[in-house]
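**Q** how does the following fold in three dimensions:
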Amino acid sequence: MSHFRVLIDYIHIEQLALRARIGVSEQERAEPQRIVCNITISPNIGRDFADDVANTVDYSAVADWVKQFAAQSEFRLIETLADNIAKGLLNDFPIRKAVVEVRKFVLSDAEFVSVTVTQQAAVG
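**A** Numbering: from 1, shown residues only. Below is the predicted model of the structure:
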């Protein structure tokens, strides 16, 4: 009989509020500004969690990590911020894929501008 390893499909964090120094101009980066981050991660773990957070990815720890990373970083582009968040999550948590959307509220005639980055762990 074959045994299969069933994986959690994903964990999603919607509209995580962040403060970051982000923008092309020095003036724009002078003060931290509000941005929003949507994060979807695919844990590299099975479904046998035994109702214990130690057997899954702690989404509270993920949110704290992202907030701290954004607060301590300074980037010109939201693309760079999103990419670095995704890579950092793959490095620091047991996940196989990270999709990170960063929203910035900079255009007066648009609700927001966003970029979405997907990073996947190397196989092998």
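**Q** okay, now the sheet partners of the host helix or strand of His12, with direction.
**A** Using DSSP states H and E, His12 sits within strand 11-22. Sheet partners assigned to strand 11-22 using DSSP bridges are listed as strand 33-43 (antiparallel), strand 74-75 (parallel).
**Q** and Gln68, which of those is closest to it?
**A** strand 33-43 (12.5 Å; Cβ to Cβ). In this view, the C-beta of every residue, glycine as well, is placed from N, C-alpha and C.
**Q** after that closest one, next one along is what?
**A** From strand 33-43, the next helix or strand downstream (DSSP H and E) is helix 59-72.
**Q** for the lowest-mean-pLDDT helix or strand in the chain, buried residues please.
**A** Lowest on mean pLDDT, DSSP states H and E among the helices and strands of the chain sits helix 26-29, with a mean of 92. Buried residues in helix 26-29, counted by 16 or more other Cβ atoms under 10 Å: Arg29.
**Q** run through the residues that contact Trp65.
**A** By Cβ atoms under 8 Å, 6 or more residues apart in numbering, the contact list for Trp65 reads Gly88, Leu89, Asp92, Phe93.
**Q** mark which of those are buried, thanks.
**A** For the contacts of Trp65, buried by 16+ other Cβ under 10 Å: Gly88, Leu89, Phe93.
**Q** so which of these comes closest to Pro43?
**A** Distances from Pro43 to the buried ones among the contacts of Trp65, taken as Cβ to Cβ, are shortest for Phe93 (8.1 Å).
**Q** okay then, goodbye and thanks.
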